[in-house]
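Enquirer: below is the sequence, then the predicted model.
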Amino acid sequence: MKKELFAVVILVLMILASIYNYRHLERITNDVLALVDRSLEQAETGNWDEARRLAEEAARLWTSYDGYTHIFLRHSEITDAEGVLYNYLQQVYDENTRTAKAARDAARARLEHLVQVEKLRPGSIF
């Protein structure tokens, strides 16, 4: 009986940890994407200095979670996410609204996909 109870407790802990991981990653990506969206809004009005500042802040915010992401995400996912964020930043530096919008869309798609992969499913526990 003790072994079964121990197994149930471990299973519940794994489910709770998965839920926490999903929520935390969702919050991180939402915060980063909010900065990217605000940056693009500034770029579209021609305020490139503020657009750069916000894009740089988004990149800094993402990298500030390196300790967490390097433990809980695959390295290739981290590299892809950093790549799309820095591509967006480069487009803002180039002051090209059209390509910045496309880069923002790519960053949004990549980061949202990252969160979806972490969603709690039977396969993510067993």
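Expert: Yes, it's here.

Enquirer: ok, for the residue nearest the centre of the chain, nearest residue in space, not its chain neighbours?
Expert: The centre of the chain sits closest to Thr29, judged by CA atoms, centre = their mean, with a distance of 3.3 Å. On the basis of CB to CB, 6 or more residues apart in numbering, the spatially nearest residue to Thr29 that is not a chain neighbour turns out to be Leu111, at 4.4 Å. (Glycine included, C-beta is placed from N, CA and C.)

Enquirer: pretty sure the one you found contacts Asp80?
Expert: No: the pair Leu111 / Asp80 is not scored as a contact, 9.4 Å apart, by CB atoms under 8 Å.

Enquirer: okay, those two: which has more neighbours?
Expert: Here Leu111 and Asp80 are set side by side on neighbour count (other CB atoms under 10 Å), and the busier one is Leu111, at 24 against 17.

Enquirer: who touches the helix or strand containing the more buried one?
Expert: Using DSSP states H and E, Leu111 sits in helix 97-117. Residues outside helix 97-117 that contact it (CB atoms under 8 Å, 6 or more residues apart in numbering): 22, 25-26, 29, 32-33, 36-37, 39-40, 43-44, 51, 73, 77, 80-81, 84-85, 87-88, 90-92, 94.

Enquirer: if we use 6 Å, what do you get?
Expert: For helix 97-117, contacts defined as CB atoms under 6 Å, 6 or more residues apart in numbering pick out 25-26, 29, 33, 36, 40, 43-44, 77, 80-81, 84-85, 87-88, 91-92.

Enquirer: in strands, which of the residues you listed appear?
Expert: Secondary-structure check on those using DSSP state E: no residue lies within strands.

Enquirer: ok so, going back, give the buried residues for the helix holding Leu111.
Expert: 97, 100, 103-104, 106-108, 110-111, 114-115 (16 or more other CB atoms under 10 Å).

Enquirer: name the nearest of those relative to Leu61.
Expert: Nearest to Leu61 among these, counting by CB to CB, is Leu111 at 11.7 Å.
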